[in-house]
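Asks: Task: produce atomic coordinates for the following.
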Amino acid sequence: MAVDHLNDIERALIDNLRLGQYNTISAPDTLATGNAWTDTDVTVYGQFPTTVETKYPCIITEMAGNGIETQFMGQRLTSGSSNAIGELYGVAFNIYISVDSKAVMNIGGEYYKERRLLNYLMLNCANVLMDVDFPESKAVVERHFSGFRDMAYNPDLETWNAISSMVIVFKNSR
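Replies: Sure thing, here's the model as predicted:
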């Protein structure tokens, strides 16, 4: 049966962004989960929504490219108890954050809006992206997050925006 790594990885990325969860440490040095937002605070889209459908603040994921990163020597790799043919395969995403002039979030009793809300979402979106738990069957071996860039205000739409990129590399055996 054919594998569906690209769609499964994209789905895990979107689902984790919707939950807004990331790993943190709680006393005494045990792994815990923090929440930056819930799916009612931030709308996450798997593609660009139409202008009238857009609900702010929002995160938009866009698959920007994919392809072979490295082909294994001789194309043979060990996959469990059998040999397979495969390579390291990469998938790239652009992640956009957009906040309009009406968007407000209550964070620790304080109301964040506009550029302050954008800053909060950039940092916490990065936390979520770096902690996505991909299904073990996807054999994700690396993730490269470029950080947010092109932070800007659009006066026509009255939105604050930022963009980042992320590459996820996984073993593709066939």
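Asks: For the chain, which segments count as strands?
Replies: Using DSSP state E, the strands of the chain run over residues 21-26, 30-35, 43-45, 58-79, 82-100, 104-107, 110-113, 140-154, 159-173.
Asks: What strands flank the third one, and is each parallel or antiparallel?
Replies: This points to strand 43-45. According to DSSP bridges, strand 43-45 forms sheet pairs with strand 58-79 (parallel).
Asks: and the strand it pairs with, what's its mean pLDDT?
Replies: Taken as a whole, strand 58-79 carries a mean pLDDT of 74.
Asks: which strands and helices sit next to the top helix by length along the chain?
Replies: In the chain, assigned by DSSP state H, the helix with the most residues is helix 114-130. The contact analysis (3 or more Cβ pairs under 8 Å, 6 or more residues apart in numbering; DSSP states H and E) places helix 114-130 against helix 5-19, strand 21-26, strand 82-100, strand 104-107, strand 140-154, strand 159-173. All C-beta spots, glycine's among them, are computed from the backbone N, C-alpha and C.
Asks: Dump the strands of the chain to a markdown table, plus mean neighbour count and distance to A126.
Replies: Shown next, in a markdown table, are the strands of the chain (neighbours: other Cβ atoms under 10 Å; distance: least, Cβ to Cβ, whole Å):
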| stretch | mean neighbour count | distance to A126 |
| --- | --- | --- |
| strand 21-26 | 14 | 9 |
| strand 30-35 | 11 | 13 |
| strand 43-45 | 19 | 15 |
| strand 58-79 | 14 | 11 |
| strand 82-100 | 19 | 9 |
| strand 104-107 | 14 | 16 |
| strand 110-113 | 14 | 17 |
| strand 140-154 | 14 | 6 |
| strand 159-173 | 20 | 7 |
